[in-house]
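okay, sequence plus prediction incoming.
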Amino acid sequence: MSYLEKIESKVQSLSDLKATRHIWREKAERVVFTNGCFDILHYGHLHYLAQARDLGDRLIIGLNADASVKRLKGEHRPIQDIHTRQMMLASLSFVDAVILFEEDTPLQLITALRPDILVKGGDYKPADIVGAKEVQAEGGEVRVLSFIPGYSTSSIEQKIKQQA
């Protein structure tokens, strides 16, 4: 299998990922789930995702579809198309699966995949994280990881605009 095929194989449909998740569960592998737009991949994302992966054996990333990003971030977003964002995330060695979602929140994915650990970044409180109640009801845990100051897609976008 070529490197490109390996990367592409990490981008999965819900039915395929549910089957993969079943295999991981049988092996007692702890699955971490996080989600986001990941419009312009930067050091803050890499730091956050690597920390998330360190919490378990497998990392699944729920990726907002283009229409969802537009609704959440505004008409000027996303900057990168969905294929680029999927492939960039899937190319990271510590990412095991990337799954697209059209909704504004990943609640359907979380309830379908039943991760052992749900992770978000920033100043969230676990009780305010979408899917937290569902994960905790299954015996899982919810973690909030801190962001690295100065790294955000919005700040990169502003810097580009100022230099244009």
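In hand now; what should we look at?

can you pull out the low-pLDDT segments for the protein?
150-161, 164 (pLDDT under 70).

just the helices in it please.
Secondary structure of the chain (DSSP state H): helices at 3-9, 14-26, 43-54, 66-73, 82-90, 107-113, 132-137, 153-163.

dump these into JSON lines; add mean neighbour count and distance to Phe147 as well.
Glycine gets a C-beta too; all of them are placed from N, C-alpha and C. Below are the helices of the chain laid out as JSON lines (neighbours: other C-beta atoms under 10 Å; distance: least, C-beta to C-beta, whole Å):
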{"stretch": "helix 3-9", "mean neighbour count": "12", "distance to Phe147": "26"}
{"stretch": "helix 14-26", "mean neighbour count": "14", "distance to Phe147": "27"}
{"stretch": "helix 43-54", "mean neighbour count": "18", "distance to Phe147": "6"}
{"stretch": "helix 66-73", "mean neighbour count": "17", "distance to Phe147": "16"}
{"stretch": "helix 82-90", "mean neighbour count": "18", "distance to Phe147": "17"}
{"stretch": "helix 107-113", "mean neighbour count": "18", "distance to Phe147": "21"}
{"stretch": "helix 132-137", "mean neighbour count": "16", "distance to Phe147": "18"}
{"stretch": "helix 153-163", "mean neighbour count": "12", "distance to Phe147": "11"}
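
now do the contacts for the closest residue to Gly131 other than its chain neighbours.
Nearest non-adjacent residue to Gly131, counting by C-beta to C-beta, 6 or more residues apart in numbering: Ile110, 3.5 Å away. By C-beta atoms under 8 Å, 6 or more residues apart in numbering, the contact list for Ile110 reads Phe33, Gly62, Leu118, Val130, Gly131, Glu134, Val135.
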